[in-house]
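> whatever this is, show me its structure:
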Amino acid sequence: MTDNLSSTLHGLLIGIDYYQPNRLYSSLKGAVRDICLVETFLKQALQVPAERILKLISPLQEDTTLLAVRSGQAAPPTYANIVNAFATITDRAQPGDLVYIHYSGHGGRPLTIYPNLKRGSGEQYDEGLVPMDIGDSPEGRYLRDVEMTTLLKRMADKQLVVTVVLDSCHAGGATRGDGDVQIRSSTEPDTLLRSADSLVAPLEELQRNWLELSGNSVLGGTSLGGTRLPPSKNYVLLAACRPNEYAYEYAVNGGAERHGALTYWMIDTLTSAATNGQPLTYRLLHDRINAQIQSKFPQQLPMIVGDSDRRVFGRDTWATPYTVTVITVDSRQTQVILNAGQAQGLSKGTRFAVYPLNTTDFSDPTKRLAIVEISRRPDASQSIAQILSAEAGGMAVKGTLEPGAPAVMVAAPIDLVQGVRLFDQKRPGNGENDLPPHLVSQQTAALHQVRQALVGNGWVREVEEGESALYQVAVDRQGNYEICRGMPIPNLRPLLAIDDPASAPQVVNRLVHLARYQAVHSLDNASSKLGQALQVELLTEDGEPLADAQNLVVQDGDIVTLRLTNKGTQPLKIAVLDLEPTWEISQLPLGGLESPFFPLDKGAQQETLLKLQLPADGAYDQVTEVLKVFAIQTGLADFRWLTLPPLDEVPEQRGAQLEDGLLSQSTTRGGEAEPVNPLNHLLSMIGADLDKAPNQIRSAAMVTNPKDDWVTRQVAISVKR
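Predicted coordinates for the structure are as follows:
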C-alpha cells in the first residue's frame, strides 16, 4: 500500500470540535478524535515522521485529554492558519511527493461572494469549510470552494500527488441529531454577507482559476463542496456525503467517544488492508466505507472523484473490475443487500459470487465466500439477495460476509440469455453468401469449435431448430469467422481465421461483449414519472438547436453541447454512458470529474461540450454514437458496472471527447492500468466473473414493472466523414 512514504508523504490534518460562539455552528465531539486517529495511522502504519505532519485542532474546552494533545501546538484552525498551512505544505513538498489533507468539522453554505461565478434562480451559495473563528460578524470567513480550487491548483502546478478527505457536510437545512449522533452542518445556510477579502489570492486569480477549471463556463449549482479539481490524474477527493446530504458523527459501537462515520470506517479499512498486505485502491476503499455507512445512515452517501484506481497512499494505478458491493448483511448471515438494481439491469433470479473484502483478483473461484441470488424484484438501485446453500445451487459459506464485500455475477434467468445460431449450410459459389469450394467442407468443423467454446457461457447459447436467434456465426469468403445480426457486423477486428485454434474462444468473447453492449443499449424506463423532471438536449457548440432535431447528424470533429436540465422539485443523480461505435461503453466525466454520478440540483442545468469524431484508424466513414442518460432520485447511483472496453483493438480514442480546459483531456482509461489477468482486456470493466464468460443482465424485459425512482433518456447521433 505504500512506497517510501516516510520521506515523500506530507500530511495536513484539521479537526474542529470547539467553535467560537456563533449562531449557526455548534461545537462537535468527534472531529479532533478523527484527526488523532488519522495521525496515529500515518505515524505507526506508514512511518511518516512527525515533522512532515501539520496538525491544526480545536478541542472542546472541557476535554482535558484532547487539550493535552493540543499542548505545545501554536496554531489553532482559524481561517488564517488554515490558509497558511496549505501554503506551507505546498512549499515544503517536492514534485512527485504525496500530500494527504484531512478535514473533520463543519461544512457550510454561505451566501456567495462570487455572484459572477455562480448563477441560477434566487440566492446563490458557496460551499466551504468552517474555521473555528467563523463568528457572527461580517469579518468571519469560510474557506470557500473558489479558494480551495486555487489552493489545489497550486499543488497540481507543482506536480504533487494529492488526496483530500472531507468529513463534513456541504448542505444547508440539516437538522441536529440527538443522543450520540450529530450532523456536521448548520441548521440553515448562512445568509450574512461576509467579507470578500481572501488570504488565498487576489479576486482576479481566484476567478480565473475557477473559470479555467470549469471549462470557462459559469456554473449553476456546485459539485462535491463546489471545489474544482485540476486536470490531473494525481488527485483524489473523498467526501463524507453528496451535496444536500448529511455527514454524521456518532458513538461507534455504542462507546462513549464519537468519530465521524467517514473517518472511522476509512481508518478501519486501511488498518485491515495493511494487516493483510493486500493492495487497496481508492475505489475499493470508497466501496467499503460506503457499505458500512449506508448500513447505519442511509441518508449519507460518501462521494469519490478523481483517480479512484490509484493505490491508497501510492502513485501507481491498479485496475480492478467494477463489481457490485454488499451494502448490508443480516444478523443470521442468510440475506444481503446489493448496491445495484433495476437501473443497472438486474432482475429476480440473478446470482452473484461474493468475495472477501479487498479482493482484486476474481479469477480464483475457491476464494468465493458465498453464492447469493436476487430473491425479489429489485428496487431502482438496490437488490435483496438470499445466500444459497449447496443444496439450492450455492455453496457452504466460507467465513463471515461483511458490508463492502465485492460481488460478481455468475448466473441469470435463462429467458434473458441471448440466442446464437451456428450456420454451416453455406453453398459453393461466387455470391456474397456463398463460399469458395475449399471452404465449404471446413465450415462444419470450424463452427463445432465455436459450439465447444460456448459450453458454460451464460450470456449466449446455441438455439435449437426453429428458435429465433439474435446473432448468427458463420464462415466468410476469406476463411474467417463472421458474426451477423441480420447482416455481418462490420469492423470487428482483428479478423479471426478458422484455422487458428485460438479463434473460436475469441468469437465467444465477442458474442459476450456484443450481448452485454446490447443489454445496456436496451435498458429503458422512459415511462417513469421521473422522466418529467429530466430534460436532455443536444445543441450546437454555441447552445443553439441543431438543424434537424429529429435526425441528429454532425461532421467528424464537430463540437456539440449536451445540456441536462432538472425540471423537477428534487435533486437528481445523473450518469451519462457513451455507447460508442467501437462497441465500448464509457462514462462521461460530467463537470470534468471522474465520479459515480453527477448531482444535479432542482432547477439546475449542466452543459458539457463534446467533440464527436470517427475512430482514429480510418476504418469508419459513418458511425452512430448513443449517449444514454440515467437519472436516479434516491439511493445509490453507480453505473460504472455497465461500462465496457472497446471491442476493436485498433482505435485508441473514443468517439465523444470532452472539450475545453478540463474537458479537453481524453477520457480513455489506458496507459497505466495493470491487468488482473489476460481476460481483463474484455472483462475488467464489466463486473463479471473472470474465470468464465459473464452472464446476461436484464435487457428490455426488465421494464415490465417500471419503478418511478429512475429513468433513462438516450440521444443517437450520426457522425459522418
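> flag the shaky bits of the stretch 501-650 of the chain, pLDDT-wise.
526, 591-595, 616-619, 635-637, 648-650 (pLDDT under 70).
> where does the prediction get shaky in the stretch 1-150 of the chain?
The model of the stretch 1-150 of the chain has pLDDT under 70 over residues 1-7, 63-74, 119-123.
> can you map out the helices along the stretch 101-250 of the chain?
145-157, 203-212 (DSSP state H, counting those that start in this stretch).
> relative to Pro615, which of those is closest?
helix 203-212 (30.0 Å; C-beta to C-beta). (Each C-beta comes from the backbone N, C-alpha and C, glycine too.)
> can you tell me the centre-most residue of this protein?
The centre of the chain sits closest to Pro596, judged by C-alpha atoms, centre = their mean, with a distance of 2.7 Å.
> run a quick neighbour tally on the spatially closest residue to that one that is not a sequence neighbour.
Of all residues not flanking Pro596 in the chain, Asp638 sits nearest, at 4.1 Å (C-beta to C-beta, 6 or more residues apart in numbering). Look at Asp638: counted by other C-beta atoms under 10 Å, it has 25 neighbours.
> make 58 the starting number, not 1.
Will do, 58 is the new start, and the previous item becomes Asp695.
> got a list of what Asp695 touches?
Neighbouring residues of Asp695 by C-beta atoms under 8 Å, 6 or more residues apart in numbering: Asn396, Ala397, Gln401, Pro653, Phe654.
> one step back: among the helices of the stretch 158-307 of the chain, show me which one is buried the most.
helix 202-214 (a mean of 22; mean count of other C-beta atoms under 10 Å).
> quick check on the residue lying closest to Gly625 once chain neighbours are set aside: phi, psi?
Nearest residue to Gly625, sequence neighbours excluded (C-beta to C-beta, 6+ apart): Ala590, at 2.7 Å. Note on Ala590: its backbone torsions stand at phi -90, psi -20 [degrees, to the nearest 10].
> surely Ala590 meets Thr622?
No - using C-beta atoms under 8 Å as the test, Ala590 is too far from Thr622 to be in contact (9.0 Å).
> what helix or strand is Ala502 located in?
Using DSSP states H and E, Ala502 falls within helix 500-510.
> list the buried residues for that helix?
Neighbour counts over helix 500-510 (16 or more other C-beta atoms under 10 Å) mark Gln500, Ala503, Leu504, Gln506, Val507, Ala510 as buried.
> nearest to Ile384 among those?
The closest of the buried residues of helix 500-510, once distances to Ile384 are taken by C-beta to C-beta, is Ala510, at 36.0 Å.
> surely that closest one touches Pro562?
Yes - because the distance of 4.7 Å satisfies C-beta under 8 Å, Ala510 is recorded as touching Pro562.
> quick revisit: I'd like the contacts of Asp695 laid out as CSV, including secondary structure.
Converted to CSV, those look like this (DSSP: H, G, I helix; E, B strand; the rest coil):
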residue, secondary structure
Asn396, coil
Ala397, coil
Gln401, helix
Pro653, coil
Phe654, coil
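> determine the set of other helices and strands touching whichever strand or helix holds Cys93.
Using DSSP H and E, Cys93 falls within helix 88-101. Judged by 3 or more C-beta pairs under 8 Å, 6 or more residues apart in numbering; DSSP states H and E, helix 88-101 is in contact with strand 66-73, strand 110-115, helix 121-127, strand 155-161, strand 315-317, helix 318-333.
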